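Asker: Using only what follows, build the 3D model:
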Amino acid sequence: MSSTSIDDLLAFEEEPAPVGPQSRGGRSRLVLRSLAIAAAVVVVLVVGLRGVGLQVSLPVLIAGVLAVLAVRRVTALLAPPPPPPTGGRVATGEDDGSYNWGARDALRAAINRWEWPLDWSTTRPERFSSVILPRIGELADERMRLKHGVTREADPARARALLGDRLWTFLESPPRRPPSPRDLAVIVAELEKIS
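Answerer: Next up, the predicted model:
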């Protein structure tokens, strides 16, 4: 049994920035590597140009190679990240008027954790009792545990008083078919009233 609060479902924590060549040693290594690449390219260009009988000023050639490498580095840093995997769903964009739910949208991720099982339970009612109802029970237990130090299993009498008859009955003797969205909204509102 996992212990997750409603607040945890909607929480979003920033991922730590990737550790890259930002440290002092990493930066000097990056500069040295870039200079080595620039030197190698300049040598190849000088040899190639002299092989065909052309002469170019060495400072101009070095400046040109460094400029090209700098532009390449900046464009690599500014490139957009690759799109997230779609997972079998068709991705839509804002160009067709719909919102493009990004991979870092924590609210959408929390909603999807509930939306998909709820959607599945409309076509197979037994899924509501086996998937959704235990999650709602876990939320109720977690909410009571955080606020009052009680769970349904540890102290059923106190838990029943905290939950109220309607929510207690819903959790202890589940309905044969999934509740309507309106009934489920009432149940969630009662769950959120636990304080």
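
Asker: Relative to Pro83, how far out is Gly53?
Answerer: To Pro83, Gly53 is 49 Å away according to CB to CB, to the nearest Å. To be clear about C-beta, it is placed using only N, CA and C from the backbone, and glycine gets the same treatment.

Asker: helix, strand or coil for the residue of the chain most remote from its centre?
Answerer: Centroid-distance maximum for the chain: Gly53 at 57.4 Å, with CA atoms, centre = their mean. For Gly53, the assignment made with DSSP: H, G, I helix; E, B strand; the rest coil gives coil.

Asker: pLDDT score for it?
Answerer: pLDDT recorded at Gly53 is 91.

Asker: Skip the chain neighbours and tell me the closest residue to Arg166.
Answerer: Glu190 (6.4 Å; CB to CB, 6 or more residues apart in numbering).

Asker: Please give the number of neighbouring residues around the one you found.
Answerer: Counted with other CB atoms under 10 Å, the neighbours of Glu190 add up to 16.

Asker: tell me the mean pLDDT for the helix or strand where Val68 lies?
Answerer: Take DSSP states H and E as the rule and Val68 turns out to sit in helix 58-78. Averaging pLDDT along helix 58-78 yields 90.

Asker: Restrict that helix to CA atoms and write it as PDB.
Answerer: In PDB, the C-alpha atoms belonging to helix 58-78 read as follows (Å, rounded to 0.1, in the frame of the first residue of the first chain):
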ATOM      1  CA  LEU A  58      46.700  32.700 -41.200                       C
ATOM      2  CA  PRO A  59      44.900  35.000 -38.600                       C
ATOM      3  CA  VAL A  60      41.900  35.300 -41.000                       C
ATOM      4  CA  LEU A  61      41.800  31.500 -41.400                       C
ATOM      5  CA  ILE A  62      42.000  31.000 -37.600                       C
ATOM      6  CA  ALA A  63      39.300  33.700 -36.900                       C
ATOM      7  CA  GLY A  64      37.000  32.100 -39.500                       C
ATOM      8  CA  VAL A  65      37.400  28.600 -38.000                       C
ATOM      9  CA  LEU A  66      36.800  29.800 -34.500                       C
ATOM     10  CA  ALA A  67      33.700  31.700 -35.600                       C
ATOM     11  CA  VAL A  68      32.300  28.600 -37.300                       C
ATOM     12  CA  LEU A  69      33.000  26.500 -34.200                       C
ATOM     13  CA  ALA A  70      31.400  29.200 -32.000                       C
ATOM     14  CA  VAL A  71      28.300  29.400 -34.100                       C
ATOM     15  CA  ARG A  72      28.000  25.600 -34.100                       C
ATOM     16  CA  ARG A  73      28.300  25.500 -30.300                       C
ATOM     17  CA  VAL A  74      25.700  28.200 -29.800                       C
ATOM     18  CA  THR A  75      23.200  26.600 -32.200                       C
ATOM     19  CA  ALA A  76      23.700  23.300 -30.400                       C
ATOM     20  CA  LEU A  77      22.900  25.000 -27.000                       C
ATOM     21  CA  LEU A  78      19.900  26.700 -28.400                       C
END
